[in-house]
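Peer 1: got a sequence here, can you build the structure:
(chains A and B)
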Amino acid sequence: MAHNAVGRPQASFQRTERSLMQRLSNDRNWLGAAFMLPAAVILIMFLAYPLGKGVWLSFTDAKIGRDGVFIGLENYEWLSDDKIFWLSVFNTLFYTVIASVIKFLVGLYLALLLNEKLPFKSLIRSIVLIPFVVPTVLSAIAFWWIYDSQFSIISWSLKNMGLITENIDFLGSPDNARLSLIFANIWRGVPFIAITLLAGLQTVSPSLYEAATLDGATRWQNFRFVTFPLLTPIIAVVMTFSVLFTFTDFQLVWAMTRGGPVNATHLMATLGYQRAILAGNLGEGAAISTAMIPFLLFAIMVSWFGLQRRKWQQGGSDE
Amino acid sequence: MSNHNHQDTASVTTGVNDASEGMSYLDGGIRKLIHVYLPLSIIMVVLIFPFYWMVLTSIKPDAQLINMDKFNPFWVVEPTFKHIQKLLFESEYPRWLWNTMYVSVVATALSLFASVFAAYALVRIRFKGAELVGAMIFLAYLVPPSILFIPLATIIQAYGLFDSPMALILVYPTILIPFSTWLLMGYFKTIPYELEECALIDGATRLQILVKIILPLAVPGLISASIFSLTLCWNEFIYALTFLSSTQNKTVPVAIVSEFVDGDIYRWGSLMAGALVGSLPLVILYSFFVEHYVSAMTGAVKE
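Peer 2: Numbers count the residues shown, from 1 in each chain, chains lettered A, B, ... in the order given. As a prediction, the model looks like this:
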């Protein structure tokens, strides 16, 4: 609006000098499009297009170095008979559910602890975030060493305490390997959840607790009926992100077990990598990736409703 | 809610908290010790231990690494810089470190450039369909690399970018732009519109307004976005693993996983040194910009 008001007097004085450029730069839509261009080009070329192409590839028999032909649902039919694929689906869900639940509980607990009055609070908060800052693969390598079958520090400590007699084979047996990976994932994910929830906690006005306490609320009731409802929207968003990234995790598993022992820790992403890139069956790998999309859509829906609820809670004004 | 507002609210909150000692006098010393300090210390020790272990291993002589009964494994006597020295002078590690930095810095710069314009257009130009585009950018943030790397590998191959740092420089912005745009939108919204109107009346173009008025005021947001973007690039693994093949082009995370693993029981020293040296630049950067880092992390979620 302000724009047109400025444009008009200019036009009357300098009508002859108005070039195409000037007219375009005064038009909201043209200008918006021009400003969006760099981001749009990159996102369309390297995000939207590959997303579509991935779905297309899953219907072809493409191999590395060879364009495939359309084969319909054959890749999916093949996968539906593939025990390893179903194992990877199970692993992915197991990994995501267990890790997310524990990450949420520990993260929330840690956030509540950090929200107490503490000395050196900001220093503590900085330290808590370190697992999130250290590149995942590099901390995975550290875990690999901690989980070593011969020189594991955990085995050594437990042996010295007299709790076990033999070294624990953390990554050698299927169940141990799954749990070890889940632990590493929790370790890495907790700081993110704790710090974002802490930011949410800090926006809760203390007068609400005072009012609740005057009404005779216990600590638990304070948490259950004041903190938790106010925190729900941010929990919804944080957990969506967390679930999404846990579900599509690749690095931790690839750095530590590469899906072994005997495919026991393959997630859908690592199996997709193995089939598509190492074995060269792009079509089959793409089918595995595409099979992840419904789960992701589900997570996004949850996030969407979380955000809607947030707007409603804030009276629909604040974005 | 914007980051600025949030920080304000937070400080107000603390202020109120300080005034209301009435609540916290209920917390006796012992209760606080058992319910707060004890669990907090346990969690902190678990969170910090792998990093401590990484540092310790990388300066331990080999003999101490594998003889845990003779030497207390939780400490080091006669620390050595042998592993780090070997890493820096007898391997291609400096080259990998350089690749990682180069790719991260260029991809971050490219993303920031694109995001500044996109965020400004979405918040202030409000062209037709801006809301829809904003929602799509948020959705783009939710598309994980794990479902894109296979088709992207064929696209990178088709463009002739395979095994080139350029592939990563062009692909990483797909992770960074949605995040940075979203974050910067929050910062731009807090800048009073009146400033812009004044400039428009004085005849400034939109580009001049963006560069001379908006950007200087959004510096904290720009720092947050760049720090976080750098971290994300440095951290990225699956694209780097898929698109790079020759040893000299690899980034640190990929090289550590593929080049160091030779089954030697003495490899742990150099592996941990590699992990440590690869993490340190980020940890140092982080320690200077903790606040920006936190506001980037929470801002992206809260917007």
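
Peer 1: packing partners for the helix or strand harbouring residue A:189?
Peer 2: In the assignment (DSSP states H and E), residue A:189 maps to helix A:174-201. Helices and strands touching helix A:174-201, as assessed by 3 or more CB pairs under 8 Å, 6 or more residues apart in numbering or on different chains; DSSP states H and E, comprise helix A:83-114, helix A:121-128, helix A:130-133, helix A:136-146, helix A:228-247, helix A:251-256, helix B:38-58, helix B:290-302. Quick note: C-beta positions are derived from backbone N, CA and C, even for glycine.

Peer 1: figure out how far it is from the centre of its chain.
Peer 2: 11 Å (CA atoms, centre = their mean, to the nearest Å).

Peer 1: past that helix, which element shows up next along the chain?
Peer 2: With DSSP H and E, the next secondary element past helix A:174-201 is helix A:206-214.

Peer 1: what mean pLDDT does that following helix get?
Peer 2: If you average the pLDDT over helix A:206-214, you get 89.

Peer 1: can I get the helix or strand that that helix is followed by as PDB, trimmed to CA atoms?
Peer 2: Heading C-terminal from helix A:206-214, the first helix or strand you meet, by DSSP H and E, is helix A:219-222. The C-alpha coordinates for helix A:219-222 follow below in PDB (Å, rounded to 0.1, in the frame of the first residue of the first chain):
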ATOM      1  CA  ARG A 219       4.600 -30.600  42.900                       C
ATOM      2  CA  TRP A 220       3.200 -33.300  40.700                       C
ATOM      3  CA  GLN A 221      -0.100 -31.500  40.200                       C
ATOM      4  CA  ASN A 222       1.900 -28.400  39.300                       C
END
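
Peer 1: list the buried ones in helix A:219-222?
Peer 2: Using 16 or more other CB atoms under 10 Å in any protein chain shown as the test for burial, helix A:219-222 gives residue A:222.

Peer 1: list the contacts for the closest residue to residue B:144 other than its chain neighbours?
Peer 2: Distances taken as CB to CB, 6 or more residues apart in numbering or on different chains put residue A:248 closest to residue B:144, at 3.8 Å, once the chain neighbours are dropped. Neighbour list for residue A:248: A:269, A:292, A:296, B:144, B:145, B:146, B:147 [criterion: CB atoms under 8 Å, 6 or more residues apart in numbering or on different chains].

Peer 1: for residue A:248, what are phi and psi?
Peer 2: Dihedral pair for residue A:248: phi -100, psi 20, per degrees, to the nearest 10.

Peer 1: show me what contacts residue 128?
Peer 2: Picking chain A for this. Counted by CB under 8 Å, 6+ apart, residue A:128 has contacts A:110, A:114, A:191, A:194, A:195, B:43, B:44, B:47.

Peer 1: hmm, I had chain B in mind actually
Peer 2: Applying CB under 8 Å, 6+ apart, the residues contacting residue B:128 are A:28, A:29, A:32.

Peer 1: next: residue A:158.
Peer 2: A:164, A:168.

Peer 1: hang on, the earlier thing: take the contacts of residue B:128 and lay them out in a markdown table including neighbour count, distance to residue A:165 and secondary structure.
Peer 2: Below are those laid out as a markdown table (neighbours: other CB atoms under 10 Å in any protein chain shown; distance: CB to CB, whole Å; DSSP: H, G, I helix; E, B strand; the rest coil):
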| residue | neighbour count | distance to residue A:165 | secondary structure |
| --- | --- | --- | --- |
| A:28 | 16 | 75 | helix |
| A:29 | 14 | 74 | helix |
| A:32 | 24 | 70 | helix |
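
Peer 1: of all the residues in the stretch 1-150 of chain B, which one is nearest chain A?
Peer 2: Of all residues in the stretch 1-150 of chain B, residue B:127 sits closest to chain A, at 2.6 Å by CB to the nearest CB.

Peer 1: quick one: that residue is in a helix?
Peer 2: No - if the criterion is DSSP: H, G, I helix; E, B strand; the rest coil, then residue B:127 is coil and not within a helix.

Peer 1: which residue comes closest to the residue in chain A that chain B sits nearest to once chain neighbours are left out?
Peer 2: Chain B sits closest to residue A:32 of chain A, with a gap of 2.6 Å, by CB to the nearest CB. Once flanking residues are discounted, residue A:32 sits nearest to residue B:127: 2.6 Å by CB to CB, 6+ apart.

Peer 1: repeat that for residue A:111.
Peer 2: residue A:197 (3.9 Å).

Peer 1: could you do residue B:126 as well?
Peer 2: residue A:28 (6.9 Å).

Peer 1: which residues touch that neighbour?
Peer 2: Going by CB under 8 Å, 6+ apart, residue A:28 touches A:3, B:125, B:126, B:127, B:128.

Peer 1: shaky segments in chain A?
Peer 2: Applying pLDDT under 70 to chain A flags the ranges A:1-26, A:303-304, A:306-319.

Peer 1: report the residue ranges of every domain in it.
Peer 2: A:1-57, A:72-313 (automatic domain parsing).

Peer 1: is it true that residue B:102 touches residue B:165?
Peer 2: Yes - with contact defined as CB atoms under 8 Å, residue B:102 reaches residue B:165; the gap is 6.3 Å.

Peer 1: and those two? Which one has more around it.
Peer 2: residue B:165 (19 against 14; other CB atoms under 10 Å in any protein chain shown).

Peer 1: measure that one to chain A for me?
Peer 2: Relative to chain A, residue B:165 is positioned 15 Å away (CB to the nearest CB, to the nearest Å).

Peer 1: tell me the contacts of the closest residue to that residue other than its chain neighbours?
Peer 2: Once flanking residues are discounted, residue B:165 sits nearest to residue B:103: 5.3 Å by CB to CB, 6+ apart. Applying CB under 8 Å, 6+ apart to residue B:103 gives the contacts B:165, B:168, B:169, B:172, B:233, B:251.

Peer 1: compare those and tell me which is most surrounded.
Peer 2: Result: residue B:251 is most packed of these (other CB under 10 Å), 29 neighbours.

Peer 1: residues contacting that one?
Peer 2: B:96, B:99, B:100, B:103, B:168, B:236, B:240, B:244.

Peer 1: which among these end up buried?
Peer 2: Counted by 16+ other CB under 10 Å, these give B:96, B:99, B:100, B:103, B:168, B:236, B:240, B:244 as buried.

Peer 1: shouldn't the residue of the stretch 1-150 of chain B closest to chain A be in contact with residue A:33?
Peer 2: Yes - at 6.7 Å, residue B:127 and residue A:33 qualify as touching, with contact defined as CB under 8 Å.

Peer 1: center of the chain - which residue?
Peer 2: Picked chain A for this. Centroid-nearest residue in chain A, with CA atoms, centre = their mean: residue A:245, separated by 2.5 Å.

Peer 1: ah, no, chain B please
Peer 2: Nearest to the mean C-alpha position of chain B, by CA atoms, centre = their mean, lies residue B:231 at 2.4 Å.

Peer 1: which one of the buried ones among the contacts of residue B:251 sits closest to residue B:29?
Peer 2: residue B:236 (46.6 Å; CB to CB).
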